[in-house]
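Chemist: Fold the stuff below for me.
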Amino acid sequence: MKLLIYGAGVIGCLYAALFSKAGYNTTIYARGKRLESLEKEGLLYWNGDEIHSANVTIINKLHKNDTYDYIFLTVRENQLHQALVELKDNNSPNIVTMVNSLEKYAIWEELCGKGRIIPAFPGAGGSFEGNVLNAALTPWIVQPTTFAEISGKNTKRLQKLADIFRESKIPYQIVKDMHAWQLCHLAMVIPIADAYYEADDPKNAGKNFKLMSKTAKRMKRNYRILHRIGYTLSPKKMNLFRLVPDSILSIALSIIFQSNFGNMFMYQHSMKAQDEMRELHQQFYRYIKKQKSEYKKMETSYEKSSLN
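Modeler: Got it, this is the predicted structure:
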């Protein structure tokens with residue numbers, strides 16, 4: 001089976017290394033300085049206390065007949081459209097979009113062709129130390145790699161994708177509604193990113209208890225709004241955020257912000273992807289405002305009809 005990683009950042013390179021280690025024919029499509037380092041040194045990554053080299057192919061051009069079983073799009077949200085346009089004429093059937101976005105999937109399909117998109121989200125984090133990748137997967141209980149069909153159906157290609165993750169020892173889950181899952185994900189990560197941006201000392205944001213309290217309240221508000229306007233929180237454990245007392249959530253956030261986990265999976269991404277996270281902040285709260293307005297109209301219409 002042939003796999004292509006489109007985007008040679010931390011996430012793309014980690015998945016490429018894991019796919020390669022599992023024996024998959026893995027190619028990375030790279031550009032710029034990352035292309036130069038990959039062509040010169042290969043994909044180097046930390047495995048415990050040792051530096052390993054992944055058995056991957058590096059390319060800088062993608063042709064129409066370069067066919068892969070799955071293409072994993074591991075680019076930032078503001079790079080997605082350009083990538084999908086480039087993939088439009090490529091013959092590969094499946095595009096796994098591992099991207100943070102609330103954009104309608106129909107827009108993506110207009111760019112690259114209907115029936116090719118498998119919306120997904122990675123469960124990983126880390127950084128490059130020079131040209132050496134230092135990254136890790138998030139535990140399954142925290143956030144496994146998540147994916148779905150746009151239709152919500154469980155298809156053969158989803159099962160094949162699950163097999164790839166399983167054989168590569170990547171925790172994963174299949175959900176029915178990827179859009180709802182991403183809404184719930186953003187309801188959590190946007191307040192986290194905002195906390196770093198508002199802190200005088202982002203690295204030590206977890207020590208500012210007033211900021212942690214504000215972050216806890218923002219999370220709870222987001223989840224309560226989503227629940228009230230009719231979304232089923234996904235995964236179910238997200239209901240804890242709207243039910244747990246503010247004080248307990250604030251303490252938990254403070255501990256997580258100050259942990260190694262918080263540094264690798266929260267701080268590093270938030271600080272390196274500030275433009276993306278600020279744009280997602282705008283997208284999320286615009287979406288919530290619109291949904292609240294439509295929900296109120298629906299409630300008003302229902303009340304009027306009940307009185308007649």
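
Chemist: Show me the shaky parts of the stretch 51-200 of the chain.
Modeler: Scanning the stretch 51-200 of the chain for pLDDT under 70 picks out nothing.

Chemist: let's see 90
Modeler: 77-78, 100, 141 (pLDDT under 90).

Chemist: just the strands in it please.
Modeler: 57-59, 70-73, 95-98, 117-121, 124-129, 132-137, 145-147, 172-174 (DSSP state E, counting those that start in this stretch).

Chemist: okay if I get those as a markdown table plus mean neighbour count?
Modeler: Using the backbone N, CA and C atoms, a C-beta is placed for each residue, glycine as well. Formatted as a markdown table, the strands of the stretch 51-200 of the chain follow (neighbours: other C-beta atoms under 10 Å):
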| stretch | mean neighbour count |
| --- | --- |
| strand 57-59 | 15 |
| strand 70-73 | 26 |
| strand 95-98 | 26 |
| strand 117-121 | 23 |
| strand 124-129 | 18 |
| strand 132-137 | 19 |
| strand 145-147 | 23 |
| strand 172-174 | 18 |
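
Chemist: got the ones you listed as CSV, with distance to residue 193 columns?
Modeler: Formatted as CSV, the strands of the stretch 51-200 of the chain follow (distance: least, C-beta to C-beta, whole Å):
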stretch, distance to residue 193
strand 57-59, 31
strand 70-73, 22
strand 95-98, 18
strand 117-121, 16
strand 124-129, 13
strand 132-137, 19
strand 145-147, 19
strand 172-174, 23
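
Chemist: quick one: residue 134 from residue 19, how far?
Modeler: Using C-beta to C-beta, to the nearest Å, one gets 18 Å for the distance from residue 134 to residue 19.

Chemist: actually residue 12, not the one I wrote
Modeler: Residue 12 is 10 Å from residue 19, by C-beta to C-beta.

Chemist: what sits in contact with each of those two?
Modeler: Counting by C-beta atoms under 8 Å, 6 or more residues apart in numbering, the residues touching both residue 12 and residue 19 are residue 5.

Chemist: which residues are contacting stretch 237-246?
Modeler: 184, 187-188, 213, 216-217, 219-220, 223-224, 227, 233, 249, 252.

Chemist: Only the buried residues of it, if you could.
Modeler: Within stretch 237-246, the residues that qualify as buried by neighbour count (16 or more other C-beta atoms under 10 Å) are 238, 241, 242.

Chemist: For that stretch, what is the distance to the chain centroid?
Modeler: 22 Å (C-alpha atoms, centre = their mean, to the nearest Å).

Chemist: pLDDT (mean, whole number) over it?
Modeler: For stretch 237-246, the mean per-residue pLDDT is 93.

Chemist: that older thread, dump the contacts of stretch 237-246 into JSON lines; add distance to residue 268 as well.
Modeler: Shown next, in JSON lines, are the contacts of stretch 237-246 (distance: C-beta to C-beta, whole Å):
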{"residue": "184", "distance to residue 268": "22"}
{"residue": "187", "distance to residue 268": "21"}
{"residue": "188", "distance to residue 268": "17"}
{"residue": "213", "distance to residue 268": "24"}
{"residue": "216", "distance to residue 268": "22"}
{"residue": "217", "distance to residue 268": "25"}
{"residue": "219", "distance to residue 268": "20"}
{"residue": "220", "distance to residue 268": "25"}
{"residue": "223", "distance to residue 268": "25"}
{"residue": "224", "distance to residue 268": "29"}
{"residue": "227", "distance to residue 268": "30"}
{"residue": "233", "distance to residue 268": "27"}
{"residue": "249", "distance to residue 268": "23"}
{"residue": "252", "distance to residue 268": "20"}
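
Chemist: Closest to residue 130 out of those residues?
Modeler: residue 188 (31.5 Å; C-beta to C-beta).

Chemist: Tell me who's in contact with the residue positioned nearest the centre of the chain.
Modeler: In the chain, the centroid-proximal residue (C-alpha atoms, centre = their mean) is residue 121; its distance is 3.7 Å. By C-beta under 8 Å, 6+ apart, residue 121 lies in contact with 98, 99, 100, 145, 146, 147, 178, 181, 182, 185.

Chemist: what's the burial count for the third one?
Modeler: Residues contacting residue 100 under the criterion other C-beta atoms under 10 Å number 22.
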